[in-house]
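Colleague: Make a model of this:
(one chain, ligands or ions: 1)
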Amino acid sequence: MGTRYVTGKTAAATFLMCPPRLYDVNYVINPWMEGNVHRSSREQAAAQWEQLHRSLAEIANVLLVEPQPGSPDMVFTANAGLVRRGIVALSSFHHAERQGEEPHFRKWFSDSGFSIREIPRDTPFEGEGDALFEADGRRLWAGHGLRTRASSHRYLTEAWNVEVLSLGLIDPRFYHLDTCFCPLSNGDLMYYPPAFDQPSRALIETHYPKANRIAVDEADALRFACNAVNVGRKILLNEISAQLCTELESRGFSVVQVKLTEFLKAGGAAKCLVLRLSEPSIN
Ligand code: ARG
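Modeller: Okay, the predicted model is just below:
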């Protein structure tokens, strides 16, 4: 690719989303859902999701999977699996509440021609929610401790013959890696350091020099700032502080804020609602 920041549909970055027609907070499997059971508005959720879908469709191809009854969290397609080079490592959900999504996602991937790798039930793995490639695709950062089990990481190494760097998550509010860790297309990293155990923070610092690390504060972390979708120069995320927005802009990014409050009630925002199907390097 000639230039680092190619945007527009021709670049063929492709993502999977699931319309929120059956979205609801039906159970509590993370701290965000507490007190929010049946408290989200389907109308508002639909409007917010449409806005995210529209913004993403301007810069990428977006495919859809049909929502299914009994799987209200299916909107969070990032948890369907992890995709690269036409291979999907299918999620094996930690909570029974989400295990019903697995056959629906398996069918979608199989119908769409992906080669499927199953992850055993006794090694929970929650897809791209807990596993993020660096923009150049060379390394895979994988979370564990709250949902995904560290013992699942070896299946990822095997699936793509890629180096996997494991990160321990310790704050239940940031239960998936994509809620607190976001590798960006220019080589920078946006993250929330207190979400990680000390060895993981040290590992992150070894790989990202200080100048490349954007450490967000707790307030922005709680706005799901790290739960960002980055396509080339564009960053799509929930509403964040003016200060963080300016910081991202000063690094050459164009920031698109989409209010996603209805999804925060289930513990998700922009990145959780989107699964990358194309290569990490296609921007
Ligand atoms: N309610 C969902 C859960 O707790 C939210 C998933 C958010 N997804 C993500 N990729 N962080 O599983």
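Colleague: How about stretch 106-120, which residues are buried there?
Modeller: By 16 or more other Cβ atoms under 10 Å, the buried positions in stretch 106-120 come out as 106, 108-109, 114, 117, 119. For glycine as for every other residue, the C-beta is placed from the backbone atoms N, C-alpha and C.
Colleague: same deal with stretch 264-283?
Modeller: In terms of neighbour count (16+ other Cβ under 10 Å), stretch 264-283 has its buried residues at 264-280, 282-283.
Colleague: before we move on, what about stretch 150-168?
Modeller: For stretch 150-168, the neighbour count (16+ other Cβ under 10 Å) marks 152-153, 155-156, 159-160, 164, 166-168 as buried.
Colleague: Show me which of these is closest to the ligand.
Modeller: Checking the buried residues of stretch 150-168 against the ligand by Cβ to the nearest ligand atom gives Leu167 as the nearest, at 14.3 Å.
Colleague: Following the chain onward from the strand or helix carrying that closest one, which element is next?
Modeller: Assigned by DSSP states H and E, Leu167 falls within strand 163-168. Downstream of strand 163-168, the first helix or strand assigned by DSSP H and E is strand 181-183.
Colleague: hmm, that following strand touching the ligand?
Modeller: No - Strand 181-183 lies out of reach of the ligand by Cβ under 6 Å from any ligand atom, never closer than 10.8 Å.
Colleague: any idea of the mean pLDDT in the helix or strand following that strand?
Modeller: Next in sequence after strand 181-183, counting helices and strands by DSSP H and E, comes strand 189-191. The average pLDDT for strand 189-191 rounds to 98.
Colleague: in its sheet, what does strand 189-191 sit against?
Modeller: Strand 189-191 has the following strand partners under DSSP bridges: strand 181-183 (antiparallel), strand 213-215 (parallel).
Colleague: and the last one, how far out from the chain's middle?
Modeller: Read it as strand 213-215. When C-alpha coordinates are averaged (Cα atoms, centre = their mean, to the nearest Å), strand 213-215 and its chain have centres 18 Å apart.
Colleague: swap in stretch 199-213?
Modeller: Distance of stretch 199-213 from its chain centroid, counting by Cα atoms, centre = their mean, is 20 Å.
Colleague: One more: stretch 99-110?
Modeller: 18 Å.
Colleague: With stretch 130-144 instead?
Modeller: 11 Å.
Colleague: likewise stretch 184-200?
Modeller: How far stretch 184-200 lies from its chain's middle: 14 Å, per Cα atoms, centre = their mean.
Colleague: Kindly report the same for stretch 248-259.
Modeller: Taking mean C-alpha positions (Cα atoms, centre = their mean), stretch 248-259 and its chain are 17 Å apart.
Colleague: for that stretch, what is the average pLDDT?
Modeller: For stretch 248-259, mean pLDDT is 98.
Colleague: Which of the buried residues of stretch 150-168 sits closest to Leu260?
Modeller: Nearest to Leu260 out of the buried residues of stretch 150-168 is Leu167 (Cβ to Cβ; 24.2 Å).
Colleague: Please verify my assumption that the closest one contacts Leu177.
Modeller: Yes - contact status for Leu167 versus Leu177: in contact at 6.4 Å, counting by Cβ atoms under 8 Å.
Colleague: To which secondary structure element is Trp141 assigned?
Modeller: Using DSSP H and E, Trp141 sits in strand 139-144.
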